[in-house]
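Enquirer: I need the structure of the sequence given here:
(chains A and B)
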Amino acid sequence: IAGITQAPTSQILAAGRRMTLRCTQDMRHNAMYWYRQDLGLGLRLIHYSNTAGTTGKGEVPDGYSVSRANTDDFPLTLASAVPSQTSVYFCASSDSNAGELFFGEGSRLTVL
Amino acid sequence: AQSVSQHNHHVILSEAASLELGCNYSYGGTVNLFWYVQYPGQHLQLLLKYFSGDPLVKGIKGFEAEFIKSKFSFNLRKPSVQWSDTAEYFCAVMPYGNNRLAFGKGNQVVVIP
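Expert: Purely as a prediction, here's the structure:
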């Protein structure tokens, strides 16, 4: 089934550890995004990529980094996790001409 | 930066009641507008979208939304809700030519059977 695959689905992590959330799409969409979802705050954009080889900062980029080596993959890395990064992380992609975002199933991350 | 406002974060209503969720945005240029729904434990799914044309758009599951440019609003409506409409609803705005969505904080809707 075409779509977006995120891994892991859930992870508990000690503060200070490095963590990479993986995201792969098979729709050949140009644009990809990482959002975090927190209760009462909705979805906030962390980083985005308009096309392979380019990335940009969103609303809440601090403590996160991304790379876009190819069209399909857009990993999100927490270099040194902190408890405030406990959240549900959603990866999304879009054919930038259509505007609609397609979301993955989410990765629930708990930092202790 | 554009912002998106959704009011009445928590809504509780009975089956067959009508639902209206407000959405206002603060961007002066041309925008594309979206409503997404997130059912419990699931990812976000597109409910409906407005790019241009008829300001009254119809989406899936009997939902509709009306774009009122003068009020910078894109309110979501459903005449008669069902228990299965229990979900969180997010309004989102994408300025024309900028493919980044800004989301509102969401409306948690609970429909009581």
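Enquirer: so is the closest residue to A:Phe74 other than its chain neighbours in a helix, a strand, or just coil?
Expert: Nearest residue to A:Phe74 in three dimensions, chain neighbours excluded: A:Met32, at 4.1 Å (CB to CB, 6 or more residues apart in numbering or on different chains). Quick note: C-beta positions are derived from backbone N, CA and C, even for glycine. Using DSSP: H, G, I helix; E, B strand; the rest coil, the structure places A:Met32 in strand.
Enquirer: ditto for the one 3 residues further on
Expert: The local conformation at A:Tyr35, judged by three-state DSSP, is strand.
Enquirer: please enumerate the strands of chain B.
Expert: B:4-6, B:10-14, B:19-21, B:23-25, B:31-38, B:45-50, B:56-58, B:64-68, B:73-78, B:87-95, B:102-103, B:107-112 (DSSP state E).
Enquirer: need these in TSV with mean pLDDT, mean neighbour count and distance to A:Asp95, can you?
Expert: Output for the strands of chain B, formatted as TSV (pLDDT from 0 to 100; neighbours: other CB atoms under 10 Å in any protein chain shown; distance: least, CB to CB, whole Å):
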stretch	mean pLDDT	mean neighbour count	distance to A:Asp95
strand B:4-6	94	19	22
strand B:10-14	95	12	33
strand B:19-21	96	18	27
strand B:23-25	95	21	23
strand B:31-38	94	23	13
strand B:45-50	94	18	13
strand B:56-58	96	13	20
strand B:64-68	96	18	22
strand B:73-78	97	20	22
strand B:87-95	93	23	13
strand B:102-103	92	24	19
strand B:107-112	96	17	28
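Enquirer: run through the bridge partners of B:Asn32.
Expert: Beta-bridge partners recorded for B:Asn32 (DSSP bridges): B:Met94.
Enquirer: residues touching it, list them.
Expert: Contacts were defined as CB atoms under 8 Å, 6 or more residues apart in numbering or on different chains; by that measure B:Asn32 touches A:Gly99, B:Lys49, B:Tyr50, B:Phe51, B:Val93, B:Met94, B:Pro95, B:Tyr96.
Enquirer: for the residue nearest to A:Phe74, give its distance to chain B.
Expert: Separation of A:Met32 from chain B (CB to the nearest CB, to the nearest Å): 10 Å.
Enquirer: one more: A:Gly63?
Expert: When CB to the nearest CB is the yardstick, A:Gly63 and chain B sit 20 Å from each other.
Enquirer: ok so, going back, tabulate the contacts of B:Asn32 (CSV), appending distance to A:Tyr64.
Expert: Putting these into CSV (distance: CB to CB, whole Å) gives the following:
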residue, distance to A:Tyr64
A:Gly99, 24
B:Lys49, 28
B:Tyr50, 31
B:Phe51, 31
B:Val93, 23
B:Met94, 22
B:Pro95, 23
B:Tyr96, 28
